[in-house]
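Colleague: Output the structure for:
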Amino acid sequence: MLKGNFFRGLGYLGEGFRLIRQPRLRLFVIVPLVINVVLFSLLFYLMAEGFAILIATVMSWLPDWSWLQALDWLFWLLYGAVILLMLAYGFVIVANLIGAPFYGYLAELTEQHLTGQEVSTEGGWAAILRDIPRALWRELQKIAYYLPRALALFLVGLIPVVNLAAALLWFLFNSWMMALQYVDYPADNHKVSFPALRRLLADTRLSALGFGVPVALAAMVPVLNLVVVPAAVCGATAYWVRENGSTRK
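Modeller: Next comes the predicted model:
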């Protein structure tokens, strides 16, 4: 039986958007935001170029029956949705690889703001630079978890008829990944391993999906996806404090 509260989870991203307006947190929002603008522009161009090639390849696999060829609009719709979801999380992966040290520190400051307690934030910029290798290693663990599952879903999406469910499966998987991605920052600050984090979120899966769904949706909206990352970090920290505060180790 799924545990947690889906509707409570929905509220954390909105809280994150309120938190990023706090004066003490703004600097750690602006710097990654500039990075995100550059990355998204490049990633969008590359994905748009590859999209037309993908559709042409899939259509060439079908028999030369007029009624099947006439379904190319359906393939554009279905694969367009899948590509959009891939772009959304692909953008998150690349942006977080570069912004991870900032986001870890942002999560620390956010938790301190929410709880009024120190969360070992000493060191400032020196601490951010020192944490770069560890933060990158943590991001690589998430990518290693994501890629084989994403590949399996992508292959399912290439199968005619079966691919009708591919977009929904991608969205649910992306929502789960968004929760894992961002709650990992406060969890890492408390030395919780990535496998342990997955178990913690699985214990309150409905709350995790409730948080992940609006993040996944926002990540697909141009411009909004540029600011959703720091807001999601702050929202995920609020999630961590309230959903997992009693189970932290």
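
Colleague: Going by C-alpha atoms from here, please, whenever you check contacts or count neighbours.
Modeller: Will do.

Colleague: show me the contacts for the residue positioned nearest the centre of the chain.
Modeller: For the chain, the residue nearest the mean C-alpha position is residue 178 (3.3 Å; CA atoms, centre = their mean). Going by CA atoms under 8 Å, 6 or more residues apart in numbering, residue 178 touches 89, 212, 213, 215, 216.

Colleague: Give me the subset of those residues that lies in helices.
Modeller: 89, 212, 213, 215, 216 (DSSP state H).

Colleague: now these in TSV, with distance to residue 236 and neighbour count?
Modeller: Below are the ones in helices among the contacts of residue 178 laid out as TSV (distance: CA to CA, whole Å; neighbours: other CA atoms under 10 Å):
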residue	distance to residue 236	neighbour count
89	16	21
212	9	32
213	13	24
215	10	28
216	13	26
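
Colleague: now, among those residues, which is nearest to residue 233?
Modeller: Closest approach to residue 233 among those (CA to CA): residue 215, at 10.3 Å.

Colleague: ok, that closest one - contacts?
Modeller: With CA under 8 Å, 6+ apart, residue 215 has these contacts: 13, 175, 178, 228, 232.

Colleague: Quickly find the element holding the third one.
Modeller: Going back to what we said before, that points to residue 178. Per DSSP states H and E, residue 178 falls inside helix 166-189.

Colleague: Against residue 237, how distant is the nearest residue to residue 8 once chain neighbours are set aside?
Modeller: Leaving aside its sequence neighbours, residue 8 sits nearest to residue 207 (CA to CA, 6 or more residues apart in numbering; 6.5 Å). The spacing between residue 207 and residue 237, counted by CA to CA, to the nearest Å, is 13 Å.

Colleague: Show the average pLDDT along the very next helix or strand once past the helix holding residue 178.
Modeller: Using DSSP H and E, the next helix or strand after helix 166-189 towards the C-terminus is helix 194-203. Mean pLDDT, helix 194-203: 93.

Colleague: returning to that earlier point: how near is the residue nearest to the centre of the chain to residue 162?
Modeller: From residue 178 over to residue 162 the distance is 25 Å, taken as CA to CA.

Colleague: That's all I had, so thanks and see you.
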